[in-house]
Every structure is written in structure tokens, then in C-alpha cells.
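Participant: Got a predicted structure here, sequence first:
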Amino acid sequence: MAAPVASVEEFPELFPMPASLLSLTDRALEIRAHFNATAVAAGRRPWTSTELAQGFAADVGALNKLIMMRAGLRNAPPDIDARLAHELADCLWSVLVLAHEHGVDLEAAFSRTMAEIQRTGPAAPASGKC
């Protein structure tokens, strides 16, 4: 059985204030520049936005497996919490970089989307269409 998840309301000391979205994006872009420079130095080209999205999809798959492990649906390694935190950070990196590369104001988009969901309720189950 999965361990109960702590909430900010119950244990605020476990959830320090996160860095701002801007500072997280800046750090993500520093790492992106490092990856690009490393690729070029090795004689390869940097990944395109499409390839970054494909990598993100793979990270989400890995995240799903870790969530299943934490829920007891798969065998979990002793360091499951550290692996889960790492994969969530990988996914966040991808979202931040992709938003930047596509000119999306993620903070504004998030605020609009959450307001819309609150007003209209969650979307119907996915139909496979984008």
C-alpha cells in the first residue's frame, strides 16, 4: 500500500516556498544551454523542440511507472521517493523549456486554465484528439 501523501496544509514545514517560476525557468534554460554546448562539443546537434517533447513523453512514462510502484502496483526500489522526486523534476524541466521555446507564458496559461477548470469543471475524458 502506498504511503499517505503529506499536504502543505498539514505539514507546512515539509514544503518550503518554491523558487519563482521565472527563476526555475532561468535555471532550466541554463541546463538546456549546457546540454546544447555538450552536444556540439561532441559533434552532435542540439535536440530540437520536437525531440525535447519526445524525451518529455518518455519521462512521463517513467513517472507513471514510479507512481505505480509507490501505489504498490509494481515492485519498488528502496529509493522510490528520491526517484519520484527526480522524475518529477525532469518533467518540470521539460515543461519549462518547451514553454519557453514555444513562447508560452506558463504562469498566465496556468492561471487561465485553472480559472477555466474551476468555472466549468474538469474536461471530459480525452477522446484522443488534441
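Facilitator: Looks like it came in fine.
Participant: packing partners for the helix or strand of the chain with the lowest mean pLDDT?
Facilitator: Lowest on mean pLDDT, DSSP states H and E among the helices and strands of the chain sits helix 106-120, with a mean of 93. In terms of contacts (3 or more C-beta pairs under 8 Å, 6 or more residues apart in numbering; DSSP states H and E), helix 106-120 is packed against helix 21-41, helix 80-101. In this view, the C-beta of every residue, glycine as well, is placed from N, C-alpha and C.
Participant: Which residues does it contact?
Facilitator: Helix 106-120 is contacted from outside by 21, 25, 95-96, 99, 123, using C-beta atoms under 8 Å, 6 or more residues apart in numbering.
Participant: what's Ala76 in contact with, if anything?
Facilitator: 69-70.
Participant: For it, which three-state class applies?
Facilitator: coil (DSSP: H, G, I helix; E, B strand; the rest coil).
Participant: follow-up on the earlier one: buried deepest among the helices and strands packed on helix 106-120, which one?
Facilitator: Of the helices and strands packed on helix 106-120, the one with the most neighbours on average (mean count of other C-beta atoms under 10 Å) is helix 80-101, at a mean of 16.
Participant: From Leu106, how far off is Thr48?
Facilitator: Thr48 sits 20 Å away from Leu106, taking C-beta to C-beta, to the nearest Å as the criterion.
Participant: More neighbours: the two, which one.
Facilitator: It is Leu106, of Thr48 and Leu106, that has more neighbours when counted by other C-beta atoms under 10 Å, with 17 against 10.
Participant: sec struct for the residue of the chain most remote from its centre, please.
Facilitator: Distance from the centre of the chain peaks at Gly43, with 28.7 Å (C-alpha atoms, centre = their mean). Recorded secondary structure, Gly43: coil (three-state DSSP).
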